[in-house]
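Undergrad: Pasting the sequence and the predicted coordinates here, then a few questions.
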Amino acid sequence: MDEGIPTSPTTPGDTTGSAPCLPQGDAAGAAAQRRRSRSRRTLVMGALVLSVLSGAAGGLIGGYLERTGGLEAVQLPQPGPPPPGDAAGIAARALPSVVTLHVTATGTREQATGTGFVLDTRGRILTNNHVVAPAVSAGGRITVTFSSGATARATVVGLDAGYDLAVVQVHGVHGLTPLPLDGPGDRPGSSDRN
């Protein structure tokens, strides 16, 4: 460098530290920051406009499909009857025979709820002795609810506290489905159990 020529601080290689003025980097940095800020605002506004337009388009399309019944009806595969030997098949066959008993003792707040199953078409139902005990000891009411939702009053016709078994009888109920207990493999000593 020639020492007779003054240089500005923005001139590359200036080490003289002559007249103070803003470095060229600060002005360029401010302009770049303004451009970035403007670019961010543009990006945010674009995203906002895109979101609003997408939501409006989705709402319009959804409303149209709702009014016109959509594209096609959705057909889901329907399960067939369960195989006879699996748990779902056994439960499906047993359900019409299963009942719920609601027992309320007279004069006390003692209550019990339990289940049982239909023994025969005459209305006899097998349950547990501890379920009907409040009705037996304090006199009370036994209401049986069938799988169909129908209800009937019942009376105790036999019990064995040692085995915790009781038989109740319902009257005026027709079309009962007894639980089959004597099918293949149900008899003691039978070797063809499933």
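TA: Thanks, I have the structure now. Please read all numbers here as calculations on a predicted model, not as lab measurements.
Undergrad: how about low-confidence regions in this protein?
TA: Across the chain, the stretches falling below the confidence threshold (pLDDT under 70) are 1-25, 27, 70-71, 73-74, 82-85, 182-194.
Undergrad: Longest helix of it, counting residues only.
TA: Counting residues, the longest helix found in the chain (DSSP state H) is helix 24-68.
Undergrad: Who are the packing partners of whichever helix or strand comes after that one?
TA: On the C-terminal side of helix 24-68, the closest following helix or strand by DSSP states H and E is helix 87-94. Contacting helix 87-94 under the criterion 3 or more Cβ pairs under 8 Å, 6 or more residues apart in numbering; DSSP states H and E is no other helix or strand. Every residue, glycine included, has its C-beta placed from N, CA and C.
Undergrad: where's helix 87-94 relative to the chain centroid, distance-wise?
TA: 23 Å (Cα atoms, centre = their mean, to the nearest Å).
Undergrad: same deal with stretch 166-175?
TA: 37 Å.
Undergrad: Dump that stretch to CSV, keeping only the CA atoms.
TA: Extracted in CSV, the C-alpha atoms of stretch 166-175 (Å, rounded to 0.1, in the frame of the first residue of the first chain):
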residue,chain,number,x,y,z
ALA,A,166,-80.1,-74.0,45.2
VAL,A,167,-83.0,-74.5,42.8
VAL,A,168,-85.6,-71.8,42.2
GLN,A,169,-88.8,-72.0,40.3
VAL,A,170,-90.3,-69.4,38.0
HIS,A,171,-93.9,-69.5,37.0
GLY,A,172,-95.8,-68.2,33.9
VAL,A,173,-92.7,-68.1,31.7
HIS,A,174,-92.8,-70.0,28.4
GLY,A,175,-90.2,-70.8,25.8
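Undergrad: Name the residues of that stretch that are buried.
TA: Buried residues in stretch 166-175, defined by neighbour count with 16 or more other Cβ atoms under 10 Å: 166-170, 173.
Undergrad: before we move on, the earlier item: point out the other helices and strands that the longest helix of the chain packs with.
TA: Partner elements for helix 24-68 (3+ Cβ pairs under 8 Å, 6+ apart): none found.
Undergrad: before we move on, back to that, just the closest of the buried residues of stretch 166-175 to Met45, please.
TA: Val173 (73.7 Å; Cβ to Cβ).
Undergrad: If we ignore the residues flanking it in sequence, what's nearest that closest one?
TA: Ala152 (4.9 Å; Cβ to Cβ, 6 or more residues apart in numbering).
Undergrad: Which strand runs longest in the chain?
TA: The strand that spans the most residues within the chain, counting by DSSP state E, is strand 151-160.
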